[in-house]
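S.K.: make a model of this:
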Amino acid sequence: MGRQLTLRPSATGLSNWPWRVNLPANISSSGKRERRFFSTKQKAETFCRQQRIRLDNFGRNASTLTPGQLEQAALAFERLAPFGVELNAAVADFIARHVAKQKSVTFAELFHRFTESRKHKSAAYLRALKYTFPRFPNLHDQIVADLSPQDVEGELEGMTPFARNGFLRNLRAVFNFGVKRGWLKENPIAKLDFATIKRGEVVTLTPNQAASLMNAAAKDHALLPYNALGLFSGMRPKELQRLHWEQIDLVEGHIEVTPQVSKTGRRRIIDIEPNLKGWLNYYISNGGSPTAGSVTPLTNLPANLSKIRHAAGIDRWPQDVMRHSYASYWLAEYADINRLTLQMGHENADMLWRHYHRAAKRKDAAAYWQIMPSADADAKVVSISAAG
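M.R.: Residues are numbered from 1 along each chain as shown. Below you'll find the predicted structure:
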């Protein structure tokens, strides 16, 4: 015969809830050990009596179970015993998962709704989402509440590190969207590893290459501001495409990168270096309009930039090379990593220091910041003043 359950209130020493009753996991409705707190000893003792009555009633009603049900219950207890899990806890977990599954959606539906919610994002971001979805065909019809990290991992096999990381970032955002709406309990991407990518040394343009680029851009004229700002302000290509002339203050000597222009959505101020001011003034004095809205003409932009780079004798164009050149030469010239961090729009200086510390020599930096226009009044031909 089993030992009768003893429930007694115990003092807590707390002023608001001075009495407590510990409810063992094997009799709690949740299947987990519970603590109930009471304002008076009488209320705690009443709760204890109620629990004893509940257990007595359960014992008397146990005979309503069929032999088959009793056998199933016994088997369930036996199978759960090695895991230390109570039967009602296992049942509660199953019910929660079942309810979540009923409320969930397929991966295809989740992806579609996420994309719809991001219509205001940039064309490049939407294009990345468009390329992501077809790469995971085996997930399309699966209910996202049932997806495991292993399901996603299997779809990533054979991808390059760069592709893997790009798709993982996109999927992480998609699944987070689903978690917030209750369509899945946790994000499977949280248990997957991003690939480690060993980055090479920062690639910059030499002062001579930068000078040649500005000579070629001056002859094209329309894209002179784009190239001057890219080389001497460190703005990102997409930011240059969104920048307007009213955000450039040549009198005060700064550029305001608004949240609408910034890649990160955060406002920042960039100081205009003397040679950048020289190039922008040259552009204006030779017929360029600083009040025409967008700084960069976007029509056939990739092809037009390619022509300028070819004319400058630059056949290889690493990604963000103008921004890297600005950061490397600026840090070599001024040695102020904190100020550079603010002007580049980064959250902290650690990454900048790792990549740009000693990435350029002082003499090359001096030559870089001396790249200035000098116009012939008749022929309007630009020559470059740059050492090295």
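S.K.: give me the buried positions along stretch 39-58.
M.R.: The neighbour-count check on stretch 39-58 (16 or more other CB atoms under 10 Å) flags A44, E45, F47, C48, Q51 as buried. Placement of C-beta: from N, CA and C, glycine included.
S.K.: got the contact list for it?
M.R.: 5, 7-9, 16-21, 23, 27, 36, 38 (CB atoms under 8 Å, 6 or more residues apart in numbering).
S.K.: redo that, cut-off 10 Å
M.R.: Contacts of stretch 39-58 with the rest of the structure, by CB atoms under 10 Å, 6 or more residues apart in numbering, involve 4-11, 16-21, 23, 27-29, 36-38.
S.K.: hang on, V251 in a helix?
M.R.: No - read with DSSP: H, G, I helix; E, B strand; the rest coil, V251 is coil and lies in no helix.
S.K.: what about the helices in the stretch 51-200 of the chain?
M.R.: Secondary structure of the stretch 51-200 of the chain (DSSP state H, counting those that start in this stretch): helices at 67-80, 87-103, 107-117, 123-132, 149-156, 161-180.
S.K.: elements contacting the second one?
M.R.: Taking 3 or more CB pairs under 10 Å, 6 or more residues apart in numbering; DSSP states H and E as the contact definition, the neighbouring helices and strands of helix 87-103 are helix 67-80.
S.K.: gap between the helix it packs on and the chain center?
M.R.: 48 Å (CA atoms, centre = their mean, to the nearest Å).
S.K.: ok, now stretch 250-266?
M.R.: On CA atoms, centre = their mean, the centre of stretch 250-266 falls 22 Å from that of its chain.
S.K.: again, but for stretch 258-277
M.R.: 22 Å.
S.K.: show me which residues of it are buried.
M.R.: V261, S262, R268, I270, I272, E273, N275, L276, K277.
S.K.: roughly how far apart are the last one and Y368?
M.R.: Pointing back at K277 there. Relative to Y368, K277 is positioned 15 Å away (CB to CB, to the nearest Å).
S.K.: which residue ranges form the strands in the stretch 251-388 of the chain?
M.R.: Assigned by DSSP state E, counting those that start in this stretch, the stretch 251-388 of the chain shows strands spanning 254-257, 268-271, 372-375, 382-385.
S.K.: from the contact counts, what lies against the first one?
M.R.: Meaning strand 254-257. helix 237-242, strand 248-249, strand 268-271, helix 337-344.
S.K.: so what strands line up beside that strand?
M.R.: strand 248-249 (antiparallel), strand 268-271 (antiparallel) (DSSP bridges).
S.K.: closest one to L126 among those?
M.R.: With CB to CB as the criterion, L126 lies closest to strand 268-271 of the strands paired with strand 254-257, at 25.0 Å.
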